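Participant: this one's sequence-less:
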């Protein structure tokens with residue numbers, strides 16, 4: 001099947017994407033997938049009917065339908081760790097049972113969600129408070145999936161905020177927690193410490209700093225600190241009351257965890273009902289993913305387009321371009337979701353992968369990106385597939401003219417990337433401006449746009465909690481589909497371990513408690529430089 005795709009890619013190299021529209025006036029309607037009111041347009045790619053048939057054939061060859069149902073049923077699809085991957089259960093608490101080790105996990109999901117709702121309500125109505133009164137601010141301390149998911153979602157749903165102001169701290173760099181806590185009232189700030197093991201070095205360092213700040217400022221740790229963790233012994237030793245601990249199971253990976261206790265900060269910001277809408281959106285995408293045929297399946301086609309571009313066309317990067325300022329953190333969120341999940345070089349059976357794995361995922365909101373890196377997208381030597389996201393309407397009716405301009409820019413960029421501008425078109429424009437001769441020729445060449453640069457566009461009515469749930473779930477399933485077809489495990493992340501292990505020993509070197517024996521000369525010299533200059 002891969003050989004067929006490579007052959008089709010080679011055969012299509014002489015054509016252009018715009019020619020596919022000339023040959024098929026209904027192309028836009030035939031090369032899209034819809035889930036409810038959400039539409040994925042992938043017609044501005046070189047995928048034609050033959051390519052799509054070959055791509056969907058990959059799904060059948062890889063046993064995607066069976067792997068999909070195994071994941072939803074609670075089978076240990078995370079094979080290297082012997083665990084299920086049941087983030088889908090978190091957003092379907094009232095659905096059918098999912099049995100793991102003889103017990104229905106949904107009972108625990110419902111109980112935890114009910115506790116979250118009760119605590120969220122108490123924080124928002126002021127019945128849970130600090131010594132200074134009702135909480136004015138919430139600081140979520142976590143890293144990786146314990147930060148990126150809730151931070152992205154909380155910013156995305158800013159129009160829905162009607163609770164305390166929510167802040168996020170992740171970096172062990174003291175600058176972030178210092179800047180975050182500056183100006184907050186230590187007696188009216190709730191601190192959420194998000195770490196499943198309650199041993200994550202960055203998180204626990206920041207948590208200890210926050211606890212010291214709170215104590216110095218007259219706060220009450222027992223009343224003002226919450227743990228999102230399963231390590232109840234460690235949370236108790238830290239000073240957090242048992243009723244303020246919300247645990248979750250090892251079948252929830254960090255980057256898939258925003259649907260459960262890790263989403264507590266989001267729930268406090270938008271309310272329990274808004275959080276339920278977020279879960280409903282994810283659940284609706286789950287149902288779509290499980291029931292629609294491959295060609296009409298939005299997450300599947302999102303994945304197949306990604307595989308076509310990265311594994312067949314060999315484009316090494318992918319740009320995520322949300323035309324929504326409130327989705328500013330989405331590219332960073334997807335970097336972790338996609339690159340930590342599928343950034344592997346070994347297949348499930350331990351053999352080396354024979355194809356590239358996930359491309360580098362990067363991006364920024366439009367229209368800012370247009371004034372930064374779009375020059376490279378349009379005229380650079382590397383082709384970068386682009387994924388645009390845009391809502392049909394914004395949340396500010398009085399600023400509708402802003403949103404119309406935003407949408408116009410989004411659609412124009414995708415069209416310009418595909419169409420380009422020929423040398424003759426550039427010449428004609430310069431002739432109209434009065435240029436002639438050699439200067440016209442010289443200037444015209446700088447105004448040529450190669451075009452034929454592929455893009456997808458995900459469009460939806462408005463960025464609501466429900467729609468955000470759809471988006472996040474769609475990308476989760478996209479990662480799963482790509483992993484299944486590539487034959488790798490999307491649910492482990494051994495690649496993050498080695499550097500963390502080495503940091504422990506280097507910390508002792510920098511503190512002067514150990515020598516640099518065993519480290520290479522460069523690392524030893526750098527550590528010595530820091531030790532001498534750190535004061």
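Facilitator: Arrived safely, thanks for sending. Remember, predicted model here, so these are calculated numbers, not experimental data.

Participant: from here on, contacts and neighbour counts on C-alpha atoms
Facilitator: Noted.

Participant: all helices for the stretch 151-300 of the chain, in order.
Facilitator: 174-181, 201-216, 221-224, 232-238, 264-270, 272-291, 298-307 (DSSP state H, counting those that start in this stretch).

Participant: would you list these in CSV and tack on mean pLDDT?
Facilitator: Converted to CSV, the helices of the stretch 151-300 of the chain look like this (pLDDT from 0 to 100):
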stretch, mean pLDDT
helix 174-181, 98
helix 201-216, 97
helix 221-224, 96
helix 232-238, 95
helix 264-270, 98
helix 272-291, 98
helix 298-307, 98
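
Participant: right, and the ones you listed - which one's nearest residue 511?
Facilitator: Of all the helices of the stretch 151-300 of the chain, helix 201-216 sits nearest to residue 511, with 15.8 Å by Cα to Cα.

Participant: now do that closest one: distance to the chain's middle.
Facilitator: Remark: helix 201-216 is offset 27 Å from the chain centroid, using Cα atoms, centre = their mean, to the nearest Å.

Participant: who's in contact with it?
Facilitator: Applying Cα atoms under 8 Å, 6 or more residues apart in numbering, the external contacts of helix 201-216 come out as 141-143, 169-172, 174, 177, 181, 186-187, 191, 193-195, 198, 220-221.

Participant: which positions within stretch 507-514 qualify as buried?
Facilitator: The neighbour-count check on stretch 507-514 (16 or more other Cα atoms under 10 Å) flags 509-510 as buried.

Participant: ends of it, what's the gap?
Facilitator: 9 Å (Cα to Cα, to the nearest Å).

Participant: just the buried ones from the contacts of helix 201-216?
Facilitator: Buried among the contacts of helix 201-216 by 16+ other Cα under 10 Å: 141-143, 169-172, 177, 181, 186-187, 191, 193-195, 198, 220-221.

Participant: take the residues you listed and keep only those in strands.
Facilitator: 141, 169, 191, 193-194 (DSSP state E).

Participant: which among those gets closest to residue 522?
Facilitator: The nearest member of these to residue 522, counting by Cα to Cα, is residue 169 at 31.2 Å.

Participant: circling back to that earlier point, with distance to residue 361 added, can I get the ones in strands among the buried ones among the contacts of helix 201-216 in JSON lines?
Facilitator: Formatted as JSON lines, these follow (distance: Cα to Cα, whole Å):
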{"residue": "141", "distance to residue 361": "25"}
{"residue": "169", "distance to residue 361": "23"}
{"residue": "191", "distance to residue 361": "31"}
{"residue": "193", "distance to residue 361": "28"}
{"residue": "194", "distance to residue 361": "25"}
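
Participant: OK, contacts around residue 288?
Facilitator: 35, 297-298.

Participant: by neighbour count, which of those wins?
Facilitator: Top of the contacts of residue 288 by neighbour number is residue 298, holding 28 neighbours under the definition other Cα atoms under 10 Å.

Participant: how about the nearest residue to that one, chain neighbours excluded?
Facilitator: Excluding the flanking residues, the one nearest residue 298 by Cα to Cα, 6 or more residues apart in numbering is residue 33, at 5.1 Å.

Participant: what do you get for residue 31?
Facilitator: Nearest non-adjacent residue to residue 31, counting by Cα to Cα, 6+ apart: residue 43, 5.0 Å away.

Participant: contacts only, for that neighbour.
Facilitator: By Cα under 8 Å, 6+ apart, the contact list for residue 43 reads 27-28, 30-32, 456.

Participant: could you turn the buried ones of the residues you listed into a PyMOL selection?
Facilitator: What follows is the PyMOL syntax for the buried subset of the contacts of residue 43, where burial is set by 16+ other Cα under 10 Å:
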select buried, resi 27+30+31+32+456
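
Participant: so which of the contacts of residue 43 are in strands?
Facilitator: 32, 456.

Participant: need the contacts of residue 43 in a markdown table with distance to residue 52, can you?
Facilitator: Output for the contacts of residue 43, formatted as a markdown table (distance: Cα to Cα, whole Å):
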| residue | distance to residue 52 |
| --- | --- |
| 27 | 13 |
| 28 | 14 |
| 30 | 11 |
| 31 | 9 |
| 32 | 11 |
| 456 | 15 |
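
Participant: export the contacts of residue 43 to a markdown table and tack on pLDDT?
Facilitator: A markdown table is the format used below for the contacts of residue 43 (pLDDT from 0 to 100):
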| residue | pLDDT |
| --- | --- |
| 27 | 97 |
| 28 | 97 |
| 30 | 97 |
| 31 | 98 |
| 32 | 98 |
| 456 | 98 |
